[in-house]
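1. this is the structure alone, sequence omitted:
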């Protein structure tokens, strides 16, 4: 269809009308059916100005009286919900935005949004103010987290001198790049206490090729305080 052309179908007192502007626009009306055609001012991209375009009386009446629902849809689309949300969530958010825009219009009746010497209060500003007023001074209390303490029933702490459960073995295909679990955790704890300390000032993370047959973690095997294998299977907080 060319711009300004229209077609109409009748069914008694009801008319179905299509009028082409930049694209076809459809109307269903029970009024202005027999009225003569008129014109409306529409912007022309080629001439860069508004020109008169032929239309029916129903289209003219619609353009003169529009502004409620259309303005609501235009403003609420600025904050529409993300498309990947499920449709019930999008519908509920749409209801909230409709209610917010209606409140924005009602506020203008009591306190005009355009006041002398002040900025125009837009719908975007109104929604921001509404959110702040609903939240108020509420602050989410931080969740107190404590260091995880191993469960006494942890299998790594089960030791029977008569029947050894944890046995060291050289891992199949093990290389010297396997860090000891105890040394690594000790290094992390020291780094948290002294974040500015250099690696040379902290305990060295040892590497080993031996691991526990039951726990399947790599551990150093030494003597005395350097025996990470013994510390891992006897202490709850093995990094201390």
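-> Received, thanks. None of these values were measured; they are calculated from a predicted model.

2. geometric centre of this protein: which residue is closest?
-> When Cα atoms, centre = their mean is applied to the chain, the residue found nearest the centroid is residue 82 (8.7 Å).

3. per-residue confidence at the closest residue to residue 159 other than its chain neighbours?
-> Nearest non-adjacent residue to residue 159, counting by Cβ to Cβ, 6 or more residues apart in numbering: residue 233, 6.0 Å away. C-betas here are computed from N, CA, C, even on glycine. Looking at residue 233, its pLDDT reads 79.

4. sorry, back to before: residue 219 versus the closest residue to the residue nearest to the centre of the chain other than its chain neighbours, what's the distance?
-> In space, and not counting its chain neighbours, residue 82 is closest to residue 90: 8.0 Å by Cβ to Cβ, 6+ apart. The spacing between residue 90 and residue 219, counted by Cβ to Cβ, to the nearest Å, is 54 Å.

5. between these two, which has more neighbouring residues?
-> The neighbour count for residue 90 versus residue 219, taken as other Cβ atoms under 10 Å, is higher for residue 219 (26 against 15).

6. OK, contacts around that one?
-> Applying Cβ atoms under 8 Å, 6 or more residues apart in numbering to residue 219 gives the contacts 168, 180-182, 208, 210-212, 228-229, 232.

7. narrow those residues to those in strands?
-> Using DSSP state E, the subset of these located in strands is 168, 210-212.

8. can you pull the contacts of residue 8?
-> Contact partners of residue 8, counting by Cβ under 8 Å, 6+ apart, are 15-18, 56.

9. of those residues, buried ones?
-> Buried subset of the contacts of residue 8 (neighbour count, 16 or more other Cβ atoms under 10 Å): 15, 17, 56.

10. could you report the neighbour count for residue 31?
-> Residues near residue 31, counting by other Cβ under 10 Å: 11.

11. and it, helix, strand or coil?
-> What DSSP: H, G, I helix; E, B strand; the rest coil gives for residue 31 is coil.

12. please apply the same query to the one 10 residues further on.
-> Residue 41 falls in the strand class when you classify it by three-state DSSP.

13. and residue 7, what is it in contact with?
-> By Cβ under 8 Å, 6+ apart, residue 7 lies in contact with 1, 17-18.

14. among those residues, which are in strands?
-> Counting by DSSP E, these contribute 17-18 to strands.

15. what packs against the worst-scoring helix or strand of the chain on mean pLDDT?
-> The helix or strand of the chain with the poorest confidence is helix 69-76; it has a mean of 70 (mean pLDDT, DSSP states H and E). The contact analysis (3 or more Cβ pairs under 8 Å, 6 or more residues apart in numbering; DSSP states H and E) places helix 69-76 against helix 87-110.

16. cool, thanks, signing off.
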